[in-house]
Every structure is written in structure tokens, then in C-alpha cells.
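Colleague: Following is a predicted model, sequence given first.
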Amino acid sequence: MQLYMGGMGFLTWHMTKKVVTKIPQTPEGRLFGYLDEADRLNSGIFVYQTYDFFTSMFVPEHNTAIFLTHHFLAAVTSWMSLEYQMVHYYAIFFGGCSEISTIFLVLCDFDVYFPAEDRGSLWGMTILFCQVSFTLSFFYYRVIGWWQVSFQLWSDVFAVAKKGCIEEYRPGKGWFLYGFLAMDFLLGALQVYWFAFGILPKVFEVLEN
């Protein structure tokens, strides 16, 4: 599933650039424009995050407030984007590009079950490549990129709110945009927390050894 979501994000954001060519690059376009790829991506996110939310309750290391909050918020935002047909431009980045790092994380987990006895072997170098790629892609998409795109999101929402045109596009649904800002902030804060207290200590540990 991560391969699908991350692949969809990378393809649509970087390769075909449909977020730019198919969605008007205006605050109204980025918030209310339609993109089929975003609908399909949101559907996948909702199913996966809902599944992960409930299964995490039965896995001790995942049954924590932070993990459950992340799964819950991701599921809610994807469902609301589907239901109200909003923020398709941002869904591609937050729900797609942010999962690129997770692809490498899944591959890193193979080292837990099939550890490389010789770190200089082909398998050992493959694991090292995935670990480095995970760290760099996480920092690029979930820390730096997340807050850069979030700044644009907040600017767009405040722009359409100032114009008073939200009701013209989605009558009675304006509250979702403000709720989306709150959830974006919480999810962004979680990314910084994970990087600072989860990933960086591991990086320093590897460098010391």
C-alpha cells in the first residue's frame, strides 16, 4: 500500500505534474480543484489508515497515543477530502509524497527479521541504502517539505476566507478547511517529533558505531 500511495504521490507531484497542469494554480484551484488521482489516493489512505488504527491496538509497540492519533487523523482527513471534494492538490503531497519515506522504512524492517551478518555484503549494503534513503526522504518530505507546503495551504485558506468565497464553492462546508488546518498542524508536529526523537538518535547511534 505504501508503494501505491508513495508512487502515486511521486508520479503526480514530480513526474506528470498533474497537480500543476490539471489544477488551477490559484488558492481556489488548490483548495477546490478536482483531480482523479487525489480521489483514488484518498480512498487508499482511508482504507489503509483505518485498518492500521484498529490493528495497532493489538500490537503493543504500536498501541500508543502517538501512533493511534496519527492513524486516526490521517483517516479522517482523507475521508473528509473525499466526502467534501476539497484540498486535492494538498492530498497528493501530504498523503502521497509523504509516504515515499515509508517505502524505504518497510524495506529497512527486513533487517529485523533477516539481519545482515556482514554489513559489507550485498544485503548489508542494500539495508544501509534503504536506511539512508528513509532518513533523507523523511527529512525532505515530512519535515522540510511538509512545512513548506503547509505554509502555502494556510496562505490559500486565509486568502479565500478573506475573499469570502468559500460558501460559493462549498456551501456549508467551510468548517472543514479550518479543521484541515488544525489536523495539518498536528500531523506536521508528529513528523518533527518522530524525526527529532526517533530517527536522529538512531542516526547518531549508527555513526558512533
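Modeller: Yep, that arrived. Given the structure is predicted, the values throughout are model-derived calculations rather than measurements.

Colleague: This protein: strands as residue ranges?
Modeller: With DSSP state E as the criterion, the chain has no strands.

Colleague: what about the helices in it?
Modeller: In the chain, the helices defined using DSSP state H lie at 2-10, 18-21, 27-32, 36-56, 65-84, 88-91, 100-108, 110-113, 122-137, 145-163, 166-169, 174-194, 200-208.

Colleague: Can I get the ones you listed in JSON lines including mean neighbour count and mean pLDDT?
Modeller: C-beta: built from backbone N, CA, C; applies to glycine. What follows is the helices of the chain, written out as JSON lines (neighbours: other CB atoms under 10 Å; pLDDT from 0 to 100):
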{"stretch": "helix 2-10", "mean neighbour count": "19", "mean pLDDT": "95"}
{"stretch": "helix 18-21", "mean neighbour count": "16", "mean pLDDT": "97"}
{"stretch": "helix 27-32", "mean neighbour count": "21", "mean pLDDT": "98"}
{"stretch": "helix 36-56", "mean neighbour count": "18", "mean pLDDT": "97"}
{"stretch": "helix 65-84", "mean neighbour count": "18", "mean pLDDT": "95"}
{"stretch": "helix 88-91", "mean neighbour count": "25", "mean pLDDT": "98"}
{"stretch": "helix 100-108", "mean neighbour count": "19", "mean pLDDT": "92"}
{"stretch": "helix 110-113", "mean neighbour count": "11", "mean pLDDT": "82"}
{"stretch": "helix 122-137", "mean neighbour count": "16", "mean pLDDT": "92"}
{"stretch": "helix 145-163", "mean neighbour count": "16", "mean pLDDT": "97"}
{"stretch": "helix 166-169", "mean neighbour count": "14", "mean pLDDT": "94"}
{"stretch": "helix 174-194", "mean neighbour count": "16", "mean pLDDT": "96"}
{"stretch": "helix 200-208", "mean neighbour count": "10", "mean pLDDT": "86"}
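
Colleague: hang on, H71 packs against F53?
Modeller: Yes - H71 is within contact range of F53, at 3.9 Å (criterion: CB atoms under 8 Å).

Colleague: Show me whatever sits in contact with both of the two.
Modeller: With contacts defined as CB atoms under 8 Å, 6 or more residues apart in numbering, no residue is shared by H71 and F53.

Colleague: Can you get me a residue count around I144?
Modeller: 11 (other CB atoms under 10 Å).
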